[in-house]
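S.K.: sequence and computational prediction follow.
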Amino acid sequence: MSKSKTRPNYSPEVRERAVRMVLEQTKEHSSQWAAIASIAPKIGCTPQTLLDWVRRVERDQGLRAGVTTDERERMKALERENRELRQANEILRKASAYFALAELDRRPKS
């Protein structure tokens, strides 16, 4: 029996507070990573998790290159819509072929 790893869910408020602490306290440390390593245990998360949150906020604020959270959500929605449209087209294509064959079978033979 294998145990699956579960990760705790942090509220948006906790994430925002942690990121704000990093951004405010970076000047007091030798690097942003040092600030993250100092703050993460206080929040109860790993430094890598906190780094991910900081990077996401930096991208969303245009301080760092990359895909923003809004763009990522929009792409997921478009991909889902695209997948649904492909499935609907496949169903319609099969139905059209089925009814075309049925029509051919119904025609009187001369």
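M.R.: Looks like it arrived, so ask away. Residues are numbered from 1 along each chain as shown.
S.K.: quick one: average confidence on whatever helix or strand residue 55 lives in?
M.R.: Residue 55 belongs to helix 47-60 when assigned by DSSP states H and E. Helix 47-60 shows a mean pLDDT of 96.
S.K.: what's next to that helix, contact-wise?
M.R.: Residues external to helix 47-60 that are found in contact with it (Cβ atoms under 8 Å, 6 or more residues apart in numbering): 15, 18-19, 22-23, 32-33, 36-37, 39-40, 43, 64-70. For every residue, glycine as well, the C-beta is placed using N, CA and C.
S.K.: how many residues are close by residue 54?
M.R.: Using other Cβ atoms under 10 Å, residue 54 has 25 neighbouring residues.
S.K.: how much space separates it from residue 42?
M.R.: As judged by Cβ to Cβ, to the nearest Å, residue 54 and residue 42 stand 15 Å apart.
S.K.: try residue 14
M.R.: For residue 14, the distance to residue 42 (Cβ to Cβ) stands at 11 Å.
S.K.: with neighbour numbers in mind, choose between these two.
M.R.: Applying other Cβ under 10 Å to residue 14 and residue 42 shows that residue 14 carries more neighbours, namely 15 against 10.
S.K.: touching, the more buried one and residue 40? I think so.
M.R.: No - using Cβ atoms under 8 Å, residue 14 is not in contact with residue 40; the gap is 11.9 Å.
S.K.: common neighbours of these two, please.
M.R.: Counting by Cβ under 8 Å, 6+ apart, residue 14 and residue 40 have no common neighbour.
S.K.: what packs against the lengthiest helix in the chain?
M.R.: The residue-count maximum for a helix in the chain (DSSP state H) belongs to helix 69-106. Counting by 3 or more Cβ pairs under 8 Å, 6 or more residues apart in numbering; DSSP states H and E, the packing neighbours recorded for helix 69-106 are helix 47-60.
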